[in-house]
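**Q** build me a structure from this.
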Amino acid sequence: MNQHNTEEYDPITYVPHVESNGTKEIWRTLIILGLLTAVDIILYFVMPLSGLRNFIFIVLGVVKAYYIVASFMHMKHEKIDLAACILVPFLFVLGLIASLLYEGNFWLTN
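**A** Numbering: from 1, shown residues only. As a prediction, the model looks like this:
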């Protein structure tokens, strides 16, 4: 049984139709992560060392982590309960880091 029309079928130039399987979304995510990383690197060399620069790096890192988790770990398609199981411990870790940074300055005030 021949699936192709023998008059139109040319074995040299025939390319079967294939599905993309989300390739466009992966490329979009790669471009977004690449642009965020480029902005991160440019700001590192352009901005003077300050608290604002550190805050910008933390925000860009969290945004990049969100895109990685949402896209490559498929969390953006999950229910809110599973996403909360991931986000709540992350927020506690951020709070721990903030409190450790605050308390780390204690030795300098004496």
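
**Q** any stretches of the protein with poor pLDDT?
**A** 1-16, 20, 106-110 (pLDDT under 70).

**Q** where exactly do the helices run in it?
**A** Applying DSSP state H to the chain gives helices spanning 23-46, 51-72, 80-104.

**Q** how far off centre is the second one?
**A** Mean C-alpha position of helix 51-72 versus that of the full chain (CA atoms, centre = their mean, to the nearest Å) differs by 8 Å.

**Q** mind exporting the C-alpha coordinates of it to PDB?
**A** Output of helix 51-72 as PDB, limited to C-alpha atoms (Å, rounded to 0.1, in the frame of the first residue of the first chain):
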ATOM      1  CA  GLY A  51      22.900  47.700  47.600                       C
ATOM      2  CA  LEU A  52      20.800  48.500  44.600                       C
ATOM      3  CA  ARG A  53      23.100  46.400  42.300                       C
ATOM      4  CA  ASN A  54      22.800  43.500  44.700                       C
ATOM      5  CA  PHE A  55      19.000  43.800  44.800                       C
ATOM      6  CA  ILE A  56      18.800  43.900  41.000                       C
ATOM      7  CA  PHE A  57      21.000  40.700  40.800                       C
ATOM      8  CA  ILE A  58      18.700  38.900  43.400                       C
ATOM      9  CA  VAL A  59      15.600  39.900  41.500                       C
ATOM     10  CA  LEU A  60      17.000  38.800  38.100                       C
ATOM     11  CA  GLY A  61      18.100  35.500  39.700                       C
ATOM     12  CA  VAL A  62      14.600  34.900  41.100                       C
ATOM     13  CA  VAL A  63      13.100  35.700  37.700                       C
ATOM     14  CA  LYS A  64      15.500  33.300  35.900                       C
ATOM     15  CA  ALA A  65      14.700  30.600  38.500                       C
ATOM     16  CA  TYR A  66      11.000  31.100  37.900                       C
ATOM     17  CA  TYR A  67      11.400  30.700  34.100                       C
ATOM     18  CA  ILE A  68      13.500  27.600  34.600                       C
ATOM     19  CA  VAL A  69      11.100  26.000  37.100                       C
ATOM     20  CA  ALA A  70       8.000  27.000  35.100                       C
ATOM     21  CA  SER A  71       9.300  25.900  31.700                       C
ATOM     22  CA  PHE A  72      11.700  23.000  32.200                       C
END
